[in-house]
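Participant: dropping a prediction and its sequence here:
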Amino acid sequence: MKISMEEIKKEVKTMESRELSDQTPVLRVEPNRLLEEMRKLYDLGLTHLSTIIALQVDNKIQIDYPLSSPLNKKLAPAIFVETIVSMDKPKISTIEDIYPSAVTYEREVTDLLGVEFIGADHRDKLLLPDDFPDNLYPLRKDYTGKELQQKLDELGVGYNPTIPLKEEEDYVMAVGPQHPTHKEPIRFKFTVEGEDIKNVELRLGFNHRGIEKALEQGTWIKNLYLIERICGICSSAHQLAYVLTAEKVDKILDQVPDRAQWLRVLVSELERIHSHILWYGVLAHDGGYDYMFHITWRDREDVMDLLEMWTGNRVNYAMMTIGGVRRDIDENLRKKMIIKLKKLRKNISKHKEVMEKEKTFLARIKNVGYLSKEDAIRFGAVGPTARASNINFDLRKDVPYAAYKEIPFKVYYRSEGDVYATMAVRLDEALESVEMCLYVLENLPTGDIAIKVKTRLQEGEAHTRVEAPRGEDIHYILSDGKNAPYRHKVRAPTLANITSLMYRFKNMQVADIPMIIRSIDPCIGCMERVTFVDAKTGKTKEISGQELISKANRRYRLNEKIKIFEV
Amino acid sequence: MIIEIVKIFVFPGIAFILFMAFFSSWMVRKIVARMENRVGPPFLQPYYDMGKLLAKQRVYPHESIASIMHLMPMIQLGVAILIALFMPVYSPKGILSFDGDVYFILFLISIHGATAYFVGWASRNPYTISGAGRAVMTEISLEIPLAVSIASMGIMTKSIRISEMTEKLGISMFPRTETGEIVNKLTWLYLIPWTILIIVAIYSAIGALELSPFSAPHAETEIVHGWSTELTGADLAMTEMADMVNLFNLSALITAIFLGGPRTGLIILNLIEPWTYVIGFLFFLMKFLLVMFILSYIYVLSGRLRIDQIISALWSYFLPLSLIGMLLVLILETIGG
Amino acid sequence: MTSLIGYLSASKQALKNLFSKPVTVMFPAEHVSLPKGYRGTPVLIPEKCTLCMKCERVCPTGAILIEKLDKKNGYFTIDIGKCCYCQECEKACNFDAIHLIDKWLTASDNKEDFVTKHFVQRNGKKKEE
């Protein structure tokens, strides 16, 4: 039964229905009917919750739930379910029973806007430090970014964390915030029995940078370069999502020249190639197969050189601008790029050959971290993670943006659902991306690369979902006609995949931890605090970085042993 | 008397052993780097590393047992050097040599696993305890295949003394008359069990050295640095040095037992006293480098197996393989002898 | 596990690498070549600058600071510690006065080394075309 959008609209009891600037239907429902309507929509096939967008409008808080379906192609473009709650003591029922992935998004909304979710368990802070004041919500419009920063400095937030001490009987192994497995700070707390994993807990937000708040203070052009710095690897995916959304808000998307759209595809695909090569190189390193790690990273230099030749930098390409792209490709460069891409295609095929054959390595990734198709849908997995679990969904194909409609390519998906499948999908995708780049370079339309845009955009709201190398990346912008966005919401692919990641550890061993964490290609911010687990008593103690350094210095001066495990 | 002292402390004693250990460590790193298309470390890198580590401050975590963490690395290094003294370098006889020394060496190798366990346990850290458990499991699993393969060579050469095994290897595998003709017609068949046994021995050596594919006790991405995570300064230097000496030991042991050590093999040279030693040493070096190359070759081209996979590989593939090798040797001995 | 094919599968490539030149660039003795149009350190040509403030307004990180003494004279400060190398200033400038050149070795122990301060005297001439 494949149901269409019109039928959906009929099914839901809405207070009013409107459209965003990009013709996305918005169904506004009453807060007390939300749970009921969401359940109905889930049963109708809208199984994927991209994120929860919450923002303050006057004295109300507006909460949007962008829903879509990964299986029903008619419902692939998102539909917004909206509800509005009052500012003082905002309350809404949780939807975690229907969409398990909503837990992280709801905790984020609680942290940043102070919305209480009825029916949810007691939830600790997810993004903000534990000593963040209770009645202060950063994304409310009470304070501007500067004032907020001043206030937090006065209070000394982040320097005097409360120290939760937990009595634990089990044997705990902390992976992160600093661990050789992942260079970025995220903390998994594994309860282990010998080599078997029994339980896992997660803590995010070791350095929540507050980019969404900062974006409200910049200008439309300045924000381009802040958006880019959300992630170093998929910077242009974020930038692309941002410029597309801004163009939708300003209603100039159809005026953007073809050549610009094609070049946007080119930079996105080159980025996907380097991201995927980096990823499977690091996967090989996690599996102790350092040979492939070095070889893949050697060959990745080719695509980095390509990007450097064209954009002038190895990372943070600064290629997109509202209304087009910033640098053109001349004939000379085009020829050079084609030669390099052909070399790259040969190299990636070699990687594929070795990585899909080497048995000692395959033994580590086959049948490890299994995620079934049903679970992948239920936990809202996106991108290559979902495609490795037999979901044939790619935003480039199903909700085409930029020039993807005009470029032929194949979507790869596998049915195994383990770490091996995520690797195979990415290897195939990297090869396919090389083909796409060659196609773009050979069929590049002529014309301008950008149109001129006013410094102020029109009023309006829009959202864009792009297929970043790691999966679906959603940007939402509400503009009130000023030279900065009123609200800019970003949800990077890792947050969507983290829920399903926790379920992958079931029945696995300590040795599988790095491979499973790697399977979603995690990308996290910077470190704030450290956890120490006492091996003997199992007591957990959290110490801030500053405290630790001062402690270490003090002990060093007094010539004592460093006592980290004080209880 | 002076010659004896020089032998023990200079050549082929402690100074030479340490030099060879640093050299082999550099060699492995260089081969690995070149295979990965990198430049690799300069020749003196292991010396710099050790110098720096020895100069560093030692830190012991709270509630750890500092004395064990301090003592065990020293025992490791001492044991490693003791093993090295048995290795024949220029003549078939090492500095130390007695009947049954092969088994004494096997015993000493297993001490390394025990000390690793003590260090991991004394450090009181989830990573070290995990690594210690893995180290012991690997050690136990690899010991039997290694012992069986060495015993088979003992059967082949009818000896349990390294110097005799080295000396008799060529004669027992390729017995000749004085004119140089091979007497025993079964002689080429000996190559079958020999190949099986040397493969088992090389893989066991890789396990004892904690290199890939058997590097789980040191798995960097899983348990930071395994049982030696909490070691610092001189303690870490001692362990690292013990690892280097063991690299020399196991390569030299395989060279001596399976490749005839400093023997010239089929090439018969009639030389006077000091020159036989020089030629012997050169032959030893060549064979030693070959073994080192094979070790690093397997190391660089393998992924890291999980601990349960290591155990199942060693018990269900390498142990039966070594037993098959032994059986073949016995059959050949019965028929031929 | 039983079949021997599939072990040491990268042997051919590895042995080839063993006898070929390493790809490592021995920095700092040798450098990689930079492509044309590389976005490096921003450098001001004070003679061309007219203190029009356009670059300061467009800079996303506030790396450019212009202090006007009077209508014709002023100080132009570039802090590459703040610069994000986006090239917006070069795009914005109508007089070709600021460029991102291929200088990239900018690391320093001292924060003051990142700041370059120019005295700019506006000579009243517009860009010659």
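Facilitator: Right, received. Where do you want to start?
Participant: what about residue A:208, neighbour count?
Facilitator: Residues lying near residue A:208 (other Cβ atoms under 10 Å in any protein chain shown) number 21. Any C-beta I mention is one placed from the backbone N, CA and C, and that applies to glycine too.
Participant: residue B:292 now?
Facilitator: Counted with other Cβ under 10 Å, residue B:292 comes out at 22.
Participant: what's the answer for residue A:73, then?
Facilitator: Other residues close to residue A:73 by other Cβ under 10 Å number 14.
Participant: can you tell me how far the nearest residue to it once chain neighbours are set aside is from chain B?
Facilitator: Excluding the flanking residues, the one nearest residue A:73 by Cβ to Cβ, 6 or more residues apart in numbering or on different chains is residue A:398, at 6.0 Å. Here the criterion is Cβ to the nearest Cβ, to the nearest Å. By it, residue A:398 lies 35 Å from chain B.
Participant: pretty sure residue A:398 contacts residue A:76?
Facilitator: Yes: using Cβ atoms under 8 Å, residue A:398 is in contact with residue A:76, at 4.0 Å.
Participant: return the residues of the stretch 151-300 of chain A in contact with chain B.
Facilitator: Proximity of the stretch 151-300 of chain A to chain B, by Cβ under 8 Å from any Cβ of the partner chain, involves residues A:171-174, A:179-181, A:192, A:194-195, A:284-291, A:294-295, A:298.
Participant: show only the entries of the residues you listed found in helices.
Facilitator: Counting by DSSP state H, these place A:284-286, A:290-291, A:294-295, A:298 in helices.
Participant: ok, which pair from those is furthest apart?
Facilitator: A:286 and A:298 (18.2 Å; Cβ to Cβ).
Participant: show me which of the two is the more surrounded one.
Facilitator: More neighbours surround residue A:286 than the other of residue A:286 and residue A:298, with 29 against 19 (other Cβ under 10 Å).
Participant: and the closest residue to that one other than its chain neighbours, how many neighbours does it have?
Facilitator: Using Cβ to Cβ, 6+ apart and skipping the chain neighbours, the partner closest in space to residue A:286 is residue A:514 (4.0 Å). Per other Cβ under 10 Å, the neighbour tally for residue A:514 reads 26.
Participant: can you show me the helices along chain C?
Facilitator: Using DSSP H, helices in chain C cover C:11-18, C:54-58, C:88-92.
Participant: could I get the ones you listed as TSV with distance to residue A:37?
Facilitator: Shown next, in TSV, are the helices of chain C (distance: least, Cβ to Cβ, whole Å):
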stretch	distance to residue A:37
helix C:11-18	57
helix C:54-58	46
helix C:88-92	45
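Participant: contact partners for the residue of the stretch 51-200 of chain A found nearest chain C?
Facilitator: Nearest residue of the stretch 51-200 of chain A to chain C: residue A:146, at 12.7 Å (Cβ to the nearest Cβ). With contact set as Cβ atoms under 8 Å, 6 or more residues apart in numbering or on different chains, residue A:146 has these partners: residue A:217.
Participant: surely the residue nearest to residue A:286 meets residue A:288?
Facilitator: No: under the criterion of Cβ under 8 Å, residue A:514 makes no contact with residue A:288, lying 9.5 Å away.
Participant: give the residues shared as contacts by those two.
Facilitator: In contact with both residue A:514 and residue A:288: residue B:221, using Cβ under 8 Å, 6+ apart.
Participant: and for residue 86, the neighbour number?
Facilitator: If you meant another chain, say so; for now it's chain A. Residue A:86, neighbours per other Cβ under 10 Å, totals 11.
Participant: you looked at the wrong chain, it should be chain C
Facilitator: 26.
Participant: I'd assumed residue A:223 was in contact with it.
Facilitator: No: if you go by Cβ under 8 Å, residue C:86 and residue A:223 don't touch, sitting 11.5 Å apart.
Participant: what about residue A:487, which helix or strand?
Facilitator: strand A:485-491 (DSSP states H and E).
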